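Chemist: Sequence isn't available, so here's the structure alone:
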């Protein structure tokens, strides 16, 4: 057998991920705010790119607001460019396709602008609130150091996360001194702060209410597990008191604050900026991409004229640098146009599939998978997945993530299947309408859903209930009645 080196000619196919293709894929999966950050970063690094000024119509009045017109697919047609830049490109024709006349600059009038801090409100933090109270005691330098160490080791809920020995080591003090000051600080506002666990937090609040001699203290100290499971009869037997007395004590406990630092939370609400708007105009749904705030990119007229002027001489490295930046700028513009057109096509397909939902609500949401949309618009499932990730659409039924419309199907006893999201909403409605003294078990909800022509297993009901953040029936039960038992975890 001959063994040695030899040459072979083999024909194979493979996908080559060029930098331009990687950029297009990256932009496709960015949400609107991330896209804005990426564009701003590219504009800072690429001098060839610039933001075109807004065009003002001569017929429009000065007091009239902006008019948004429906965007047709033809408007979102991507700019046609060469897939790769060649050395023999006619730059004058090439650049002319992406440019309008140069921007007009106006010198802004100089005015005295108030400081930015005057318009920004900042809430007081838990640490600042506690430090203010600590300093009101006029502590010694040693006490201030211990108190600062205690405050610095509180979590966002106001619980102490370090042991007394660790605080003592950190503050270079004795454990007895730390324990003494901790006892004083546990009387600070908000009530229950600086506790080491839930039991201590609740006991601090009870003592401040003057109920230290009541059965409330005994229930918190010895029967928290029964309290969690709402096993009030076991508590009544253990304490030798009536069930009514236990329920009265439980009412007091439920009004206590298990997370005293919650009111000082520095979490700000996250507002969603939809990528697409879907409006109903007459009998049709109109899709309008949200381009508010996105720069209108174009090639700088300065570099256009510089490269178009044959009389202008640049060093070779300068000309190569400008050409590289031009390629990058053109590919960015092309990728953004392609991204907008792809999002439009995906949303257009979703609107076709989910028209009943858009008109009538979540009960009419149809089961749908990525393959359905991919086959409808002639794209790969991975592309549809990237488009629908972290993208939101404003519809007549509210704002939804595009992923929301892709649901698994739940079979019915007769008729077409139903979307899993519709079943979750049905379960939520059942729990909200139940008798709080006799909440529905998962098995009972299976029977109720059966009457609604929904074939579902008990374990699936339990899974959906947990996804909704609803407690089991044993923990939703309210002996004295009252509000609905749809309690979140």
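Modeler: Sure thing, it's come through. These figures come from a predicted structure and were not determined experimentally. Numbers count the residues shown, from 1 in each chain.
Chemist: List the buried residues for stretch 273-283?
Modeler: 274-278 (16 or more other Cβ atoms under 10 Å). The C-beta positions use only the backbone N, C-alpha and C, and glycine is treated the same way.
Chemist: Likewise for stretch 240-254?
Modeler: 241, 246, 249-250, 252-253.
Chemist: Among the buried residues of stretch 273-283, which pair sits farthest apart?
Modeler: 275 and 278 (11.0 Å; Cβ to Cβ).
Chemist: which residue ranges form the strands in this protein?
Modeler: Along the chain, the segments classed as strands by DSSP state E run 49-51, 276-281, 284-289, 297-299, 392-395, 398-401, 409-410, 418-419.
Chemist: Just want the angle from the third one to strand 276-281.
Modeler: What that stands for is strand 284-289. 150 degrees (axes from the mean of the first three to the mean of the last three Cα atoms, to 10 degrees).
Chemist: and strand 284-289, which strands flank it?
Modeler: strand 276-281 (antiparallel) (DSSP bridges).
Chemist: neighbouring contacts of the partner strand?
Modeler: 70, 285-290, 343-344, 347, 351, 358-359, 391-396 (Cβ atoms under 8 Å, 6 or more residues apart in numbering).
Chemist: try 7 Å
Modeler: Here strand 276-281 makes contact (Cβ atoms under 7 Å, 6 or more residues apart in numbering) with 285-290, 343, 347, 351, 358, 393-396.
Chemist: got it, and stretch 216-226?
Modeler: Outside stretch 216-226, the residues that touch it by Cβ under 7 Å, 6+ apart are 199, 202-203, 206, 211, 227, 234-235, 238-239, 249, 252-253.
Chemist: how far out from the middle of the chain is it?
Modeler: 38 Å (Cα atoms, centre = their mean, to the nearest Å).
Chemist: Turn the strands of the chain into a markdown table, columns for distance to residue 308.
Modeler: Below are the strands of the chain laid out as a markdown table (distance: least, Cβ to Cβ, whole Å):
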| stretch | distance to residue 308 |
| --- | --- |
| strand 49-51 | 16 |
| strand 276-281 | 38 |
| strand 284-289 | 33 |
| strand 297-299 | 11 |
| strand 392-395 | 42 |
| strand 398-401 | 46 |
| strand 409-410 | 59 |
| strand 418-419 | 56 |
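Chemist: can you tell which of these is closest to residue 366?
Modeler: Short answer: strand 418-419, nearest of these by Cβ to Cβ, at 5.9 Å.
Chemist: what mean pLDDT would you report for the closest one?
Modeler: Averaged across strand 418-419, the pLDDT comes to 87.
Chemist: do the same with stretch 156-175
Modeler: 93.
Chemist: Please enumerate residues in contact with that stretch?
Modeler: With Cβ under 7 Å, 6+ apart, stretch 156-175 has contacts from 126, 142, 145-146, 149-150, 153-155, 178-179, 190, 192-196, 259-262, 265.
Chemist: Name only those of these that count as buried.
Modeler: Buried by 16+ other Cβ under 10 Å: 126, 146, 149-150, 153-154, 178, 190, 192-195, 259-261, out of these.
Chemist: So which of these belong to helices?
Modeler: Under the assignment DSSP state H, the buried ones among the contacts of stretch 156-175 contribute 126, 146, 149-150, 178 to helices.
Chemist: ok, the residue nearest to residue 408 when sequence neighbours are not counted to residue 465 distance?
Modeler: Nearest non-adjacent residue to residue 408, counting by Cβ to Cβ, 6 or more residues apart in numbering: residue 420, 4.8 Å away. Look at residue 420 and residue 465: by Cβ to Cβ, to the nearest Å, they are 13 Å apart.
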